[in-house]
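Novice: Predicted structure and sequence below. I'll ask about it afterward.
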Amino acid sequence: MTGGPIRPIGADPAVLRIGNASGFYGDRFDALREMLTGGPLDVLTGDYLAELTMLILGRDRLKDPGRGYATTFLRQLEEGLGLAAERGVRIVTNAGGLNPAGLADAVRELAEKVGVPVRVAHVEGDDLLEQRRWGEGVLTAHAYLGGGGIAECLRAGADVVVTGRVTDAALVSGAAAAHFGWRPQDLDQLAGAVVAGHVLECGTQATGGNYSFFAADGAPDLLRPGFPLAEIAADGGSVITKHPGTGGAVTTGTVTAQLLYETAGARYAGPDVTARLDTVRLTEDGPDRVRISGVRGEAPPPTLKTGLTRLGGWRNEVTFVLTGLDVDAKAELARAQMEAAFDAAAHRPAEVRWTLARTDRADADVQEEASALLRLVVRDADQDAVGRAVSGAAIELALASYPGFHVTAPPGKGTPYGVFEAVAVAADEVPHTAVLPDGTRIGIPPARDTRELTRLPDPEPPAPPDAALATRRAPLGLVAGARSGDKGGSANVGVWARTDEAWRWLAHALTTDRLRQLLPECAGLPVDRHLLPGLRALNFVIDGLLGEGVAAQARFDPQAKAVGEWLRSRHMDIPEVLL
């Protein structure tokens, strides 16, 4: 794979086949092998980074400055490097995390060890920790780069490209730009590739994983869903599919669900282009094939999103099990006893949260089904305030509290928690750099033309259904799918209908006020609703639901993964014709 003239990226100049083998740090280990052996590919990507991952890697780097990257990727490459070489597949990954140069060196060492010579390049410049004073306790500060550095590395003949913090979709759009020779002003083409990249970035979520209708008639085999791939054309259009014979399914529903994941309004902004999600059109193109077309692009914003992570303090938690009768009285006694212990302590925890989950039911045949869970979470900047002051007080109640007292696990000493914050940094202040296989360093200029990101006005909703239609009280999920996720302290909930008739009802019935009624945790929070008629979808952004973000573990579901399914379980008055 090394030496000789620079090869084109793909065998077919008209179509670039890009697959994905990882949606997060910890995804299915053998996916890289499966994708390399399951069918033809030109490029294989792997996404290993998330907001929480950056904090984890930051703590790793504190222990060893030579680390800070996803070691799992190296172990996958022990076999995968030879397979990629045999098949002529380029590999592009953000597994470099906080140390892309270190991972690139490790890949070279591995290549020498396994006897597979490869050209390795990396992209850097996202790490802004030393660039300015970010405030006390900041562990990582990384700008989200675009695909320009990736494209430069591939044009120089790199077989493996390692990046740090780039946008997830840049792994795909950078490869496509290199293959087709797109220029920065080719906004529609870049936007189409960004949309394809967004569909691929979370791996099997595009092939039936985490899919609302997984249990419906004709639902796909999800025992082991295959990872997705995109066939990208020169105009930026694409077909989402998967290797033949793999599990799961690719349908307009699975693709719609992933398109709505962790997005907001119709403008999906990135460093290279702002993709207009309201222009996306999905059509079936055969079994397990969905065509994405019509995507329009606009100039990107003048700033780059930059993620800051820092240690926020210390936390501890205790879950009390309340069984049988008098659950409310038992909960009140446990709370009163623990609060009295906190008041008597030298340092009361700065934050004390109680939640009671009524998982119990009357006259239960199984003890666990007769039990409710009372969860205590405490946080403080001082470890001692959440350590013995909590664990000691809880254990001392073992023989002195409500009948049937026990906890799900022994209380610990407290663990550190993190905080994520997103800030904007001018793009021209970020030294986006491609380091080519021969060591040449090439600066990637920011976008010349930019456009401030503003909210698009909502389009006109469809005509409402007949008000005289008979309705029945039923779960929303019988007629609508949902996919939810996190962005810092905010959550998004995308909801879509599978038919035009259901969309007419959904667009009028599920307002922001109605959402707050159905999800009382959102009652006092700002909620923004976006209409996406082309996808028959609504996308809600709920600011503040997740507190200081996933790393802070402030909520039972800290990444809002199941908020959409909670919403689908709530009952509404639904026209009977839809049921």
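Specialist: Arrived safely.
Novice: quick one, longest strand in the protein?
Specialist: Criterion DSSP state E: the longest strand present in the chain is strand 303-323.
Novice: Does anything pack onto whichever helix or strand comes after that one? Which helices or strands?
Specialist: Along the chain past strand 303-323, the next helix or strand (assigned with DSSP states H and E) turns out to be helix 327-344. With contacts defined as 3 or more CB pairs under 8 Å, 6 or more residues apart in numbering; DSSP states H and E, helix 327-344 has these neighbours: strand 303-323, strand 351-357, strand 371-380, helix 388-395. All C-beta atoms are positioned from the backbone trio N, CA, C, and that covers glycine.
Novice: Direction included, what does the second one pair up with?
Specialist: Here strand 351-357 has these sheet partners by DSSP bridges: strand 371-380 (antiparallel).
Novice: Name the next helix or strand downstream of the partner strand, please.
Specialist: Next along from strand 371-380, by DSSP H and E: helix 383-386.
Novice: and the angle for the longest strand of the chain with strand 351-357?
Specialist: Compare the direction of strand 303-323 with that of strand 351-357 by axes from the mean of the first three to the mean of the last three CA atoms, to 10 degrees and you get 60 degrees.
Novice: So which bits of stretch 428-442 are buried?
Specialist: Across stretch 428-442, burial judged by 16 or more other CB atoms under 10 Å covers 430, 432-437.
Novice: just stretch 562-570 next, same as before
Specialist: 563-568.
Novice: sorry, back to before: just the closest of the buried residues of stretch 428-442 to Val162, please.
Specialist: Sorting those by how near they are to Val162, with CB to CB, puts Val435 at the top with 9.4 Å.
Novice: any idea how far that closest one is from Gly146?
Specialist: Relative to Gly146, Val435 is positioned 16 Å away (criterion: CB to CB, to the nearest Å).
Novice: Repeat that for His508.
Specialist: Using CB to CB, we find His508 at a distance of 38 Å from Gly146.
Novice: likewise Lys242?
Specialist: Distance check for Lys242 against Gly146: by CB to CB, it reads 27 Å.
Novice: and what of Leu535?
Specialist: Counting by CB to CB, the separation of Leu535 from Gly146 is 25 Å.
Novice: same thing with Leu81?
Specialist: Counting by CB to CB, the gap from Leu81 to Gly146 is 27 Å.
Novice: Likewise for Thr319?
Specialist: In this structure, Thr319 and Gly146 are 44 Å apart, going by CB to CB.
Novice: neighbour-wise, which of these two wins?
Specialist: When neighbours are counted by other CB atoms under 10 Å, Gly146 comes out ahead of the other of Thr319 and Gly146, with 30 against 17.
Novice: Now do the same for that one: its pLDDT.
Specialist: With respect to pLDDT, Gly146 scores 98.
Novice: looking at it, it is touching Thr274, isn't it?
Specialist: No: using CB atoms under 8 Å, Gly146 is not in contact with Thr274; the gap is 11.5 Å.
Novice: Quick check: neighbours shared by these two?
Specialist: Pro300 (CB atoms under 8 Å, 6 or more residues apart in numbering).
Novice: Give me the three-state assignment for Arg473.
Specialist: Put simply, Arg473 is strand when judged by DSSP: H, G, I helix; E, B strand; the rest coil.
Novice: What's the separation between the closest residue to it other than its chain neighbours and Val493?
Specialist: Spatially, and ignoring its direct neighbours in sequence, Arg473 is nearest to His571 (5.2 Å; CB to CB, 6 or more residues apart in numbering). Separation of His571 from Val493 (CB to CB) stands at 17 Å.
Novice: nearest residue to Leu538 other than its sequence neighbours?
Specialist: Val495 (4.9 Å).
Novice: Can you name the residues bridging to the one you found?
Specialist: With DSSP bridges as the criterion, Val495 is bridged to Ala482, Leu538.
Novice: and it, what does it touch?
Specialist: Contacts for Val495 (CB under 8 Å, 6+ apart) come out as 260, 476, 480-482, 506, 510, 537-540, 564, 567.
Novice: Helices of this structure, residue ranges please.
Specialist: For the chain, the helices defined by DSSP state H occupy 31-37, 51-63, 71-87, 100-114, 148-155, 170-180, 187-200, 252-260, 327-344, 383-386, 388-395, 500-509, 512-518, 563-569.
Novice: If I look at the residue nearest to Arg473, what pLDDT would I see?
Specialist: The predicted local confidence for His571 comes out at a pLDDT of 98.
Novice: how many other residues sit next to it?
Specialist: Using other CB under 10 Å, His571 has 13 other residues around it.
Novice: Low-confidence ranges, the stretch 301-450 of the chain, go.
Specialist: Low-confidence segments of the stretch 301-450 of the chain, defined by pLDDT under 70: none present.
Novice: ok, back up a step: with the buried residues of stretch 562-570 in mind, which one is nearest to Leu356?
Specialist: Nearest to Leu356, judged by CB to CB, of the buried residues of stretch 562-570 is Trp566 at 16.7 Å.
Novice: Contact partners for the closest residue to that closest one other than its chain neighbours?
Specialist: Beyond its immediate neighbours in the sequence, the residue positioned closest to Trp566 (CB to CB, 6+ apart) is Leu519, lying 6.6 Å away. With CB under 8 Å, 6+ apart as the criterion, the residues that contact Leu519 are 563, 566-567, 570.
Novice: Many thanks, have a good one.
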